[in-house]
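J.: after the sequence you'll find the predicted model.
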Amino acid sequence: MHSVARRFIWTAFGFLIVGLLLGVHALVQREVSGAWPGLYLVSAHTHALLVGFMMFMILGVALWLFPRPAREDTRYRPAQVEAVYWVLTLGTAGRIVGEVARDAGGSGWLRWVILCCGLGQVVGLALFIWAIRARIRAVGSQAREARGERF
């Protein structure tokens, strides 16, 4: 497994822990103090689990499992995937921190931080698709299909 794929997967586990801790905090807030968690806390919890954990895990496993690009194909560049990792990690972490801060009564300028980080998440995912496009191809299935094999 390549180091960037491992980094995506380990980062996914980190976001899972953050998401679980935010969920426990919201649960304690609801059950002990009788106050429903705020929308920002719910959003931070959701983004930590769905984007932070699930999406990072999916992207890491995709990097691990998709076939290597053909040798003559210069479209796949590991440096692009490295950049995607940082854009997506900073966007997701920034969004979670910003929304937790907003929930705690943070300043209105945090709206712009949350918005920019959310856009960073969208840009990061779009760049991942662009960066990995050369690896989404048939490797052995074309030969099997040519022999009439169906699957």
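T.: In hand now; what should we look at?
J.: packing partners of the helix or strand hosting residue 84?
T.: In the assignment (DSSP states H and E), residue 84 maps to helix 78-103. Helices and strands touching helix 78-103, by 3 or more C-beta pairs under 8 Å, 6 or more residues apart in numbering; DSSP states H and E, are helix 3-32, helix 39-47, helix 56-65, helix 110-132. Every residue, glycine included, has its C-beta placed from N, CA and C.
J.: any idea of the mean pLDDT for it?
T.: When pLDDT is averaged along helix 78-103, the result is 94.
J.: just the helices and strands packed on helix 78-103: most buried one?
T.: Mean neighbour count (mean count of other C-beta atoms under 10 Å) peaks for helix 39-47 among those, with a mean of 20.
J.: contacts for it?
T.: With C-beta atoms under 8 Å, 6 or more residues apart in numbering as the test, helix 39-47 has contacts from 19, 22-23, 25-26, 29, 37, 92, 95-96, 99-100, 102-103, 121.
J.: out of those residues, what pair is the most spread apart?
T.: 29 and 121 (25.6 Å; C-beta to C-beta).
J.: which stretches of the protein have low pLDDT?
T.: For the chain, the stretches flagged by pLDDT under 70 are 1, 137-143, 151.
J.: report the contact partners of the residue lying closest to residue 56 once chain neighbours are set aside.
T.: Nearest residue to residue 56, sequence neighbours excluded (C-beta to C-beta, 6 or more residues apart in numbering): residue 12, at 3.7 Å. For residue 12, the contact set (C-beta under 8 Å, 6+ apart) comprises 52, 53, 54, 55, 56, 57, 60.
J.: on that earlier part again, nearest to residue 86, out of the helices and strands packed on helix 78-103?
T.: The nearest among the helices and strands packed on helix 78-103, by C-beta to C-beta, is helix 110-132 at 8.4 Å.
J.: helices or strands up against that closest one?
T.: Looks like helix 110-132 contacts helix 56-65, helix 78-103 (3+ C-beta pairs under 8 Å, 6+ apart).
J.: now with 6 Å, please.
T.: Judged by 3 or more C-beta pairs under 6 Å, 6 or more residues apart in numbering; DSSP states H and E, the packing partners of helix 110-132 are helix 78-103.
J.: run the chain-centre distance for the helix it packs on.
T.: Helix 78-103 sits 8 Å away from the centroid of its parent chain (C-alpha atoms, centre = their mean, to the nearest Å).
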